[in-house]
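Q: Okay, sequence plus prediction incoming.
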Amino acid sequence: MQIVHVHVHVKPEFVEAFRAATLENARNSVQEPGVVRFDVIQQEDDPTRFILVEIYRDDEALPPAFVVPRARVVADPDERLAALLDPAFDPRAEVLLSRAPARPPAPAQRDTTPPTFSEPSVLREGPNRVIIQVNMAQSGYLVLTDTFYPGWRATVDGEAVEILPADHAFRAVGLEAGEHTVVFEYAPLSFRVGAWVSLGAGVLLVATLVVGCCVARPKSLLFAET
């Protein structure tokens, strides 16, 4: 699998035109043989900046999601890319993390027989939600070959967990042995703040109407008694 990242800075007056043309190009590109994904990512804090992520299939392409028994932290981007390009690197045996996990899974027991992991079952519910069923033969890491990007959250069996940048471009979560349901969901801070603001405005409106009715009612009663 080959991954291409293209960083683009667009003049403000051309942002909408660039976005529309690039999305159309992405829709056409994924119809071509060998093209797995074409993601168009617009930066939240600066809408003039985009990241184009193109993923091409090869004969040894990785599945959409897979599990590995161990991880190695390589914080430096150049060293990480060099490690990924090393012919000795096996992405099915080890995942390269950009940072150390806050709560790493329990170390797997040493065994002369390599563990056999079943392929995770991936269910997509639109572009902003991915559900994965996985049975871990031992503790390790679930790797999702979707682009790592801020705003995504993950839960394992209903509990919030940390999403780790994996293999330079993907996402990973640490898992203990056993069966798990992992959910990735896109919920950026701007969306959550907007939802709370809307909710607060609705509550304020209802409160205003209720107070208004309570204040107005005695006046109408007094008028009726006159």
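A: Yep, that arrived. Residues are numbered from 1 along each chain as shown.
Q: residues contacting the most centrally placed residue in the chain?
A: Taking C-alpha atoms, centre = their mean, the centroid of the chain lies closest to residue 152, which sits 3.7 Å from it. Residue 152 makes contacts with 163, 171, 184-187, as judged by C-beta atoms under 8 Å, 6 or more residues apart in numbering. Heads up, the C-betas are built off the backbone N, CA and C, glycines and all.
Q: Run through the bridge partners of it.
A: residue 186 (DSSP bridges).
Q: how far away is it from residue 164?
A: Distance, residue 152 to residue 164, by C-beta to C-beta, to the nearest Å: 11 Å.
Q: which stretches of this structure form strands?
A: Under the criterion DSSP state E, the chain contains strands at 2-9, 35-42, 49-56, 65-68, 70-73, 94-97, 121-124, 129-136, 140-144, 152-156, 159-161, 164-166, 170-175, 178-186.
Q: surely residue 138 meets residue 107?
A: No: with contact defined as C-beta atoms under 8 Å, residue 138 does not reach residue 107; the gap is 9.6 Å.
Q: Pull out the buried members of the contacts of residue 152.
A: 163, 171, 184 (16 or more other C-beta atoms under 10 Å).
Q: Reformat those as JSON lines; add pLDDT.
A: Output for the buried ones among the contacts of residue 152, formatted as JSON lines (pLDDT from 0 to 100):
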{"residue": "163", "pLDDT": "96"}
{"residue": "171", "pLDDT": "96"}
{"residue": "184", "pLDDT": "96"}
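Q: Show me where the chain dips below the pLDDT cut-off.
A: For the chain, applying pLDDT under 70 flags the ranges 1, 58-61, 108-116, 189-226.
Q: Could you chop it up by domain?
A: In the assignment given by automatic domain parsing, the structural domains of the chain cover 1-61, 63-187, 191-226.
Q: any idea which of those domains is most buried?
A: Comparing the domains of the chain by mean neighbour count (mean count of other C-beta atoms under 10 Å), domain 63-187 ranks first with a mean of 15.
Q: Pull up the distance across that domain, start to finish.
A: 25 Å (C-alpha to C-alpha, to the nearest Å).
Q: Could you do stretch 121-141 as well?
A: 15 Å.
Q: One more: stretch 151-163?
A: End-to-end for stretch 151-163, by C-alpha to C-alpha: 10 Å.
Q: Kindly report the same for stretch 39-53.
A: 5 Å.
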